[in-house]
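**Student:** Here is my input, please return the structure:
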Amino acid sequence: MAMAVATEKEAGRDTMWKILAKLNQNLILAIPAMMLVGFVFGVIVDAAFLKSLILPFTFLMVYPMMVTLKIRQVLEGGDAKAQVLTQAINFAVIPFVAFGLGKIFFADRPFMALGLLLAALVPTSGMTISWTGFAKGNLAAAVKMTVIGLILGSLATPFYVQVLMGAAVDVDLLSVFQQIVLIVFLPMVAGYATQRILVRRFGLPEFQQHLAPRFPGISTIGVLGIVFIAIALKAEAIAARPEQLLVIFVPLLILYAFNYLLSTLVGKSLLPRGDAIALVYGTVMRNLSIALAVAINAFGPAGSEAALVIALAYIIQVQSAAWYVKFTPRVFGAAPPERQSA
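**Tutor:** Now for the predicted structure:
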């Protein structure tokens with residue numbers, strides 16, 4: 001009897017992990033669906049009470065992805081040129097393009113301009129690694145870009161926001177720093193500690209093959225929760241002016257199109273195939289989860305307007321990454337055949 005109950009519980013857990021994995025693989029559908037649910041909820045119910053859930057969902061969104069972060073791989077060499085070019089695009093070009101687009105399209109909506117800037121400020125995420133792998137690019141380079149981009153982006157974000165948006169938006173630099181520490185660095189420390197404990201307890205192969213793949217699914221719950229809250233809090237404003245969604249999409253589409261074009265040209269001109277693909281995904285994929293968390297935690301109620309822009313960026317980012325994989329062989333040539341082990 002006890003064995004049957006244990007088997008039933010194990011089957012239930014397997015089903016849960018499969019559902020979470022499916023959600024993570026289908027963000028392109030899950031996020032718009034959650035936005036729709038959040039919108040309907042926000043129109044029917046006073047969603048103000050959801051603000052108390054922002055911090056728990058933020059932690060649920062960020063901490064799991066930190067558990068799988070391969071921090072030690074940053075110390076390995078061999079692709080310095082790709083790393084330098086990637087961060088140059090991430091910090092010397094894209095934030096300023098986003099800022100310029102914000103000035104053009106959101107001249108009278110500073111918090112929407114802030115959302116566009118935040119979406120451009122924290123580069124790379126787990127998606128950088130996943131899509132580089134799907135496109136047969138240099139995975140090791142993508143892992144390093146993810147760690148370096150995340151740390152640099154987190155440290156630089158308060159300064160970029162202060163310098164570029166300080167005149168239009170009331171920026172409390174200390175508060176933004178505190179939120180970055182709370183949202184990024186504390187989960188990073190906790191995630192790394194969790195990773196070491198799990199590796200010591202279960203061994204590296206078990207961690208890599210069976211435990212680590214479960215964490216992105218947990219993070220997806222946090223992403224969907226924050227998207228739901230962000231849209232629910234803005235539902236009445238969206239219902240009053242539904243055309244603003246189209247207005248938001250246009251600068252986002254321009255930003256992503258510019259990023260793909262620039263990264264492709266730089267990668268194709270200056271790097272070998274694998275590094276070039278990693279550069280494209282190391283620059284175009286932004287860490288929208290952290291941008292969303294900063295927007296909604298550091299800027300009070302007005303931050304939900306910035307969060308709306310970032311939530312819509314998810315749709316473009318995931319969809320465009322999937323399409324780019326299809327065109328990768330045409331752009332960079334077919335992947336070389338994998339070596340067969342003896």
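
**Student:** Can you name every helix or strand that the strand or helix carrying residue 144 contacts?
**Tutor:** Using DSSP states H and E, residue 144 falls within helix 139-165. Helices and strands touching helix 139-165, as assessed by 3 or more CB pairs under 8 Å, 6 or more residues apart in numbering; DSSP states H and E, comprise helix 80-88, helix 94-105, helix 110-121, helix 126-134, helix 173-180, helix 273-284, helix 288-298. Every C-beta, even on glycine, is put in place using the N, C-alpha and C of the backbone.

**Student:** Could you tell me the angle between the second one and helix 110-121?
**Tutor:** Right, the one you point to is helix 94-105. Interaxial angle, helix 94-105 versus helix 110-121 (axes from the mean of the first three to the mean of the last three CA atoms, to 10 degrees): 160 degrees.

**Student:** Which secondary structure element is home to residue 247?
**Tutor:** helix 244-270.

**Student:** what separates residue 104 from residue 266, distance-wise?
**Tutor:** 24 Å (CB to CB, to the nearest Å).

**Student:** between those two, which one's more packed in?
**Tutor:** Using other CB atoms under 10 Å as the criterion, residue 104 and residue 266 rank with residue 266 on top: 20 against 11.

**Student:** Contact partners for that one?
**Tutor:** 85, 89, 279 (CB atoms under 8 Å, 6 or more residues apart in numbering).

**Student:** just residue 89 next, same as before
**Tutor:** Taking CB under 8 Å, 6+ apart, we find residue 89 in contact with 259, 262, 263, 266, 279, 283.

**Student:** Could you report the separation of it from residue 286?
**Tutor:** Counting by CB to CB, the gap from residue 89 to residue 286 is 12 Å.

**Student:** Okay, now the unreliable bits of the stretch 101-250 of the chain?
**Tutor:** The model of the stretch 101-250 of the chain has pLDDT under 70 over residues 125-126, 167, 171.

**Student:** how about 90 then?
**Tutor:** Residues of the stretch 101-250 of the chain meeting the criterion pLDDT under 90: 108-109, 121-159, 161-192, 204, 207-247.

**Student:** Show the average pLDDT along the host helix or strand of residue 38.
**Tutor:** Element membership of residue 38 [criterion: DSSP H and E] is helix 27-44. Averaging pLDDT along helix 27-44 yields 85.

**Student:** Mind listing what's buried along whichever helix or strand comes after it?
**Tutor:** As assigned by DSSP H and E, the chain's next helix or strand after helix 27-44 is helix 54-67. Within helix 54-67, the residues scored as buried using 16 or more other CB atoms under 10 Å are 54, 57, 58, 59, 60, 61, 62, 63, 64, 65, 66, 67.

**Student:** Let me know the closest of these to residue 168.
**Tutor:** Closest approach to residue 168 among the buried residues of helix 54-67 (CB to CB): residue 54, at 23.6 Å.

**Student:** Surely that closest one and residue 298 touch.
**Tutor:** No: look at residue 54 against residue 298 with CB atoms under 8 Å: they stay out of range, at 11.0 Å.

**Student:** OK, contacts around the residue lying closest to residue 247 once chain neighbours are set aside?
**Tutor:** Ranked by CB to CB, 6 or more residues apart in numbering and with sequence neighbours excluded, the top spatial neighbour of residue 247 is residue 105, at 6.8 Å. Residues counted as contacts of residue 105 (CB under 8 Å, 6+ apart) are 112, 113, 116, 247, 250, 251.

**Student:** which of these count as buried?
**Tutor:** 112, 113, 116, 251.

**Student:** Between those residues, which sits nearest residue 294?
**Tutor:** Nearest to residue 294 among these is residue 116, at 13.3 Å by CB to CB.

**Student:** Count the residues that sit near residue 88.
**Tutor:** Residue 88: 12 neighbours (other CB under 10 Å).

**Student:** Over to the one 4 residues further on?
**Tutor:** Burial measure for residue 92: 9 neighbouring residues, criterion other CB under 10 Å.

**Student:** How about residue 23?
**Tutor:** 19.

**Student:** ok, back up a step: roughly how far apart are the residue nearest to residue 247 and residue 244?
**Tutor:** Counting by CB to CB - residue 105 and residue 244 are separated by 11 Å.
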